[in-house]
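Peer 1: return atomic coordinates for the entry below.
(one chain, ligands or ions: 1)
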Amino acid sequence: MQSIGFIINPLSGDGRGANIWKEIEAYLKQNQIPHVFKATTKAGEAAELAIAIIQEHRVDKLIVIGGDGTIHEAAQGLAHMQKAGIHSRLAVIPAGTGNDFAKAYGIPKDPLQALNIALKGTNSVQIDILRTTNGGIAVNSIGAGFDGMVAKLTNESTYKKFLNRLGLGKLSYFLTILRVFATYKPCTAWLEVDGKVHELPHMWLAAVANIPFYGGAIQICPSASPYDGILDIVVIQSKGRFRLLPILFTVYQGKHTRHPAVTFYKGTSVSLRTEIPLLIHADGEFAGATPLHIELAPAAITVIC
Ligand SMILES: Nc1ncnc2c1ncn2[C@@H]1O[C@H](COP(=O)(O)OP(=O)(O)OP(=O)(O)O)[C@@H](O)[C@H]1O
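Peer 2: Just a heads-up that it's a prediction; the model follows:
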């Protein structure tokens, strides 16, 4: 297995994916680097394209040109093929809005630099993943409540496209945070971590993190590591909303951790039940509603970084 396969989301970063692919394809042709590729034509397609490209070409490296949503989908395909005993390594050329995955693994923003790291492939790491009961996986994080709603509304918003065009895509998450913050109603939740149940009155969000960032470099869980075989869980609880205001401005630097409304847990098996169904995101993509169950799968995917 030596070949290289690309999955491209041409619409990621409001068209940045298509522009980056043009640049990459020209480089590959100029340097006569053999490769295969598939571009998405609709939402939710990257998983099946990843399966097809791995099945047809047995690629050693699957390089995703897209954002965290496309990486999330392609990783489903990769994990599916691994179950069948066919292993490919994942590499990324960041082209999205948030690019949290790329940030976590030190993958440069410059497309040709990122490509050369992927082509060399000398540095690979094995990362943990989050498995849900419906058979899905997440590579970055899964969250329920406030952040589930922020992810859904940001992806549906027109300002995400507009801000992406101005190179300010990350701001779209912050704008939605302000929108949701003004109206969000917390509820009681029950979080079970490795068999121990915690009752959480007035819960705003519960996020299970594999890497420290989500939503475009928001450091929600600074201690999360994809190499430690442990899930980091962050919970925010508050009866009133104004008490949480300081968190909005400190969470980007990961300096919210001592705020009394914030609690952290660690474990390998996590369940969440809630008084009312709460929206869930997986790697920033809408993923249904609570209840939720997550198991950690240690060192499950290999990433070139
Ligand atoms: N060809 C396509 N047409 C419409 N939607 C697509 C297409 N390809 C992928 N998508 C969807 O676009 C969504 C976002 O993609 P992606 O994450 O790559 O970019 P982004 O939203 O700009 O970046 P980020 O997730 O980092 O904020 C995903 O839900 C994916 O299913």
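
Peer 1: ok, residue 171 to residue 55 distance?
Peer 2: Counting by CB to CB, to the nearest Å, the separation of residue 171 from residue 55 is 39 Å. Any C-beta I mention is one placed from the backbone N, CA and C, and that applies to glycine too.

Peer 1: okay, now residue 277: neighbour count?
Peer 2: Using other CB atoms under 10 Å, residue 277 has 12 neighbouring residues.

Peer 1: residues from this structure in reach of the ligand?
Peer 2: With CB under 6 Å from any ligand atom as the criterion, the chain comes near the ligand at residues 9, 11-13, 40-44, 66-70, 73, 96-99, 284-285.

Peer 1: report the buried members of these.
Peer 2: Those of the residues of the chain next to the ligand that meet the buried threshold are 9, 11-13, 40, 66-70, 73, 96-99, 284-285, by 16 or more other CB atoms under 10 Å.

Peer 1: what sits closest to residue 210 if chain neighbours are left out?
Peer 2: Excluding the flanking residues, the one nearest residue 210 by CB to CB, 6 or more residues apart in numbering is residue 226, at 4.9 Å.

Peer 1: from the ligand, how far off is the one you found?
Peer 2: Distance, residue 226 to the ligand, using CB to the nearest ligand atom, to the nearest Å: 17 Å.

Peer 1: do residue 190 as well
Peer 2: 30 Å.

Peer 1: what are the buried residues along stretch 161-179?
Peer 2: 163-164, 169-177.

Peer 1: and if you look at stretch 134-143?
Peer 2: By 16+ other CB under 10 Å, the buried positions in stretch 134-143 come out as 136-143.

Peer 1: just checking, residue 219 touches residue 211?
Peer 2: No: contact between residue 219 and residue 211 fails when scored by CB atoms under 8 Å: they sit 9.9 Å apart.

Peer 1: pick out whichever of those two has more residues nearby.
Peer 2: Higher neighbour count among residue 219 and residue 211: residue 211, with 23 against 20, using other CB under 10 Å.
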